[in-house]
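Chemist: got a predicted structure plus its sequence, pasted below:
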Amino acid sequence: MAYKIALYPGDGVGPEVVAEARKILDALGLPLEYRALDWNTTLYAKTGACAPADYLEQMRPFDAILLGALGDAKNAPDHVSIEPLLGMRKGFDQYVNIRPALLYEGVDCPIRNVKPYDIDMVVIRENTEGEYTTMGGRHYAGTPHEAAMQVSYFTRMGTERILRYAFETARTRKRKHVTSITKSNALKYAMVFWDGLTEEVAKDYPDVSLSHMLVDAAAMNFVRTPQSFDVVVASNLFGDILTDIAAIVIGGMGFAGSANINPTREFPSMFEPVHGSAPDIAGSGKANPIAAVLSAAMMMEFLGEPGAAGKIRKAVQLHLAEGKVRTPDRGGKNTTSEVGDDIRGKLEKA
Ligand code: ATP
């Protein structure tokens, strides 16, 4: 039976990088069936909506969704264009956002004295609640009493399950260490609650070591000593911010793939590069497709094809180590599509 994949290229560089990910997937010789979704801010300009009202129902039958990026401020406000992304994460209960950061050989690292593979961390970001719930409101617009309230909402169930996922992930890795990120000195309800649950969950994982770190210290240490992290677990907002730093220290936004997982498999999971639609380089063939290609590898792994996932990663590794074909973010002059072709060529040797 074929794997049913929804391709959701979206906006900006999204379609360019998703095309390359598909090129690699097609070369694997696996039974893959696609449906392309043309939901983006161009649709918003025409219809007033970035996706059909029943977008979740339309995607429900798929095994997985491969997303490019959403958003183009020229056509739609960012908080509108991002809605289907947040809608999928919540509606499909994709409560784990996995964001690995691995420094490959051949990639320039902006941090001194770091060798290839020294940086090898995975950030497990809570993806359905925390600071990104849509609770809150705006009141008394235009008056001196004007106010806005944005609620952070942490549940025992939501917090515990993400912590368990982080500890389980650590168990599969060599260093078996979890760093839990909070800001419990200033946010004394939600974050102290998170810390307490972390200690509770940790008792079930005596083989995994644990440290706590405040998010400001983590931001500093992601730059100062990124090699010291193994598994990092963080709330929705903190994980979002820290993974942009993690992407930069492994070479840039073009290298960071991610997975939005519903571990129960009741709903489809979604795979996307960490980067956004990069309007500054969209349409110019300058986007690095590696983040999308690595996201496709995570998708194949989740679909139960670890061999295919390993092959894609190996091909990326060979491509980067050789370093002949490079997009401008790596100081090269090659196009998005030439990078895709080169990685596809390396699949045979992988
Ligand atoms: P979002 O908020 O949607 O995540 P963002 O505002 O963080 O997006 P990005 O679209 O991720 O912004 O772009 C940030 C910077 O990284 C831009 O300068 C962009 O050109 C660069 N960038 C993003 N993706 C890539 C890529 N695939 N290849 C090369 N450069 C990229």
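Modeler: Now that the structure is in, tell me what you want to look at.

Chemist: which residue does the stretch 201-350 of the chain have closest to the ligand?
Modeler: Closest to the ligand within the stretch 201-350 of the chain is G276: 2.2 Å, counting by CB to the nearest ligand atom. Placement of C-beta: from N, CA and C, glycine included.

Chemist: what parts of this structure come near the ligand?
Modeler: 13, 17, 71, 253-254, 275-278, 280-281, 287-288, 291, 329 (CB under 6 Å from any ligand atom).

Chemist: and these, which is closest to G310?
Modeler: For these, the residue nearest G310 by CB to CB is A291; the value is 18.0 Å.

Chemist: that closest one - that's part of a helix, no?
Modeler: Yes: counting by DSSP: H, G, I helix; E, B strand; the rest coil, A291 is part of a helix.

Chemist: name the nearest residue to A218, ignoring sequence neighbours.
Modeler: Using CB to CB, 6 or more residues apart in numbering and skipping residues adjacent in sequence, the residue nearest A218 is I181, 5.0 Å away.

Chemist: look up how far the ligand lies from that neighbour.
Modeler: 19 Å (CB to the nearest ligand atom, to the nearest Å).

Chemist: relative to the whole chain's centre, how far out is whichever strand or helix holds that residue?
Modeler: Per DSSP states H and E: I181 is located in strand 177-182. Distance, stretch centre to chain centre, for strand 177-182: 18 Å (CA atoms, centre = their mean, to the nearest Å).

Chemist: just to revisit the earlier point, any idea of the pLDDT on the residue nearest to A218?
Modeler: pLDDT for I181: 98.

Chemist: widest-spaced pair of the residues of the chain next to the ligand?
Modeler: Taking CB to CB as the measure, the residues of the chain next to the ligand reach their widest spread between G71 and D329, a distance of 19.4 Å.

Chemist: just list whatever residues bridge to the nearest residue to the residue of the stretch 201-350 of the chain closest to the ligand once chain neighbours are set aside.
Modeler: Nearest residue to G276, sequence neighbours excluded (CB to CB, 6+ apart): A69, at 5.1 Å. Assessed by DSSP bridges, A69 has beta-bridge partners G10.
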